[in-house]
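Q: Please work out how this folds:
(one chain, ligands or ions: 1)
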Amino acid sequence: MFRLDGKTALVTGGGRGIGRGIVLALAQAGADVAIADIDQGSADSTAKEVEACGRQVLVTRLDVTDPESVREAVAAAIGRFGGIDILVNNAGVVQDHIGAAVTEADFDRCYAVNVKGIWNLSAALRPHFRERGGGKIVNIASIAGRRGDNGLTPYSASKAAAISLTQSLAFELGRHDVNVNAVCPGLLWTPMWEKLEGIFRGDASPQVVGERAAFDAYIQANCPLRREQTPEDIGHAVVFLVSEAARNITGQALNVDGGIQMY
Ligand SMILES: NC(=O)c1ccc[n+]([C@@H]2O[C@H](COP(=O)([O-])OP(=O)(O)OC[C@H]3O[C@@H](n4cnc5c(N)ncnc54)[C@H](O)[C@@H]3O)[C@@H](O)[C@H]2O)c1
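A: Prediction:
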């Protein structure tokens, strides 16, 4: 029910962090995987781990904000595997400034990668899924998209848009038997959080979420299960959503956050 043998997947931002966890979970479930990332070095290293699972892998350089780059990556993956069954839109960025220091560039970057990136990939694969008679899309949003967040305005708004986009695409593609769902990760100590550490350091607000000690304290205070989430946790949720077990689930956003956010 949960196996993906014979399936092929394309994962954006699959080189490191959550994306790497998703790539490895898909490979362990039996899928061949195209790792499409703007950073080819990390993608190459994750590719070796996929090969160690006995699965086929393709590394393709991709900038999700550039439609030409998206077309090339999708064509390369289809050329390599003969078709794509699963698209995981995981690539995402967080803003460079917080609170009142947020710039227009922060908004533009968050929207270009976190929102339009999803649209670009989904649009590029839409005809392919239609021809194949079905497909699966999973968008990696965030619990930050469930409600406005103090300081993380562009990021939070972009993730709310990612959830909305998931619902619209589920409506539009349902007739072609394409399931479109989102996963909303909670708090994971990935390179994205290391970047936040730099942003929040020196900030006097109580929301100093970027430091490891504060990260741990926040989890103890706010997470019912009192533990951080891992890339493997997110990967397992993705495997479920693209498996036969979830064939009648679409347009949903699944929180994988230890209970931090319950809606
Ligand atoms: N870390 C968390 O706590 C957390 C929580 C909720 C949601 N998320 C979301 O999960 C996803 C992965 O986050 P992460 O923590 O692993 O971050 P990360 O920064 O560690 O990894 C992001 C990956 O995306 C790639 N990428 C960035 N811009 C790209 C672009 N324009 N085109 C192609 N690839 C690009 C990077 O090279 C990298 O491999 C993001 O969408 C993020 O918003 C993270």
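Q: how about residue 36, secondary structure?
A: strand (DSSP: H, G, I helix; E, B strand; the rest coil).
Q: What's the separation between it and the ligand?
A: 7 Å (CB to the nearest ligand atom, to the nearest Å). For every residue, glycine as well, the C-beta is placed using N, CA and C.
Q: how about stretch 129-144, does it get close to the ligand?
A: Yes. Judged by CB under 6 Å from any ligand atom, stretch 129-144 comes into contact with the ligand at 140, 142.
Q: as a whole number, average confidence for that stretch?
A: Averaged over stretch 129-144, pLDDT sits at 98.
Q: Can you give me the end-to-end span of that stretch?
A: This stretch, stretch 129-144, spans 30 Å end to end (CA to CA, to the nearest Å).
Q: now do stretch 241-249
A: End residues of stretch 241-249 are separated by 8 Å (CA to CA).
Q: Just the mean pLDDT for that stretch, thanks.
A: For stretch 241-249, mean pLDDT rounds to 98.
Q: Kindly report the same for stretch 181-193.
A: The average pLDDT within stretch 181-193 is 92.
Q: and the strand ranked longest in the chain with the ligand, contact?
A: Assignment by DSSP state E gives strand 178-185 as the longest strand of the chain. Yes. Strand 178-185 lies within reach of the ligand by CB under 6 Å from any ligand atom, at residue 185.
Q: Give me the sheet partners of that strand and which way each runs.
A: strand 135-140 (parallel), strand 253-256 (parallel) (DSSP bridges).
Q: Centre of the chain to that strand, how far?
A: Its chain's average C-alpha position is 9 Å from that of strand 178-185, according to CA atoms, centre = their mean, to the nearest Å.
Q: Any buried residues in that strand, and which?
A: Within strand 178-185, the residues that count as buried by 16 or more other CB atoms under 10 Å are 178-185.
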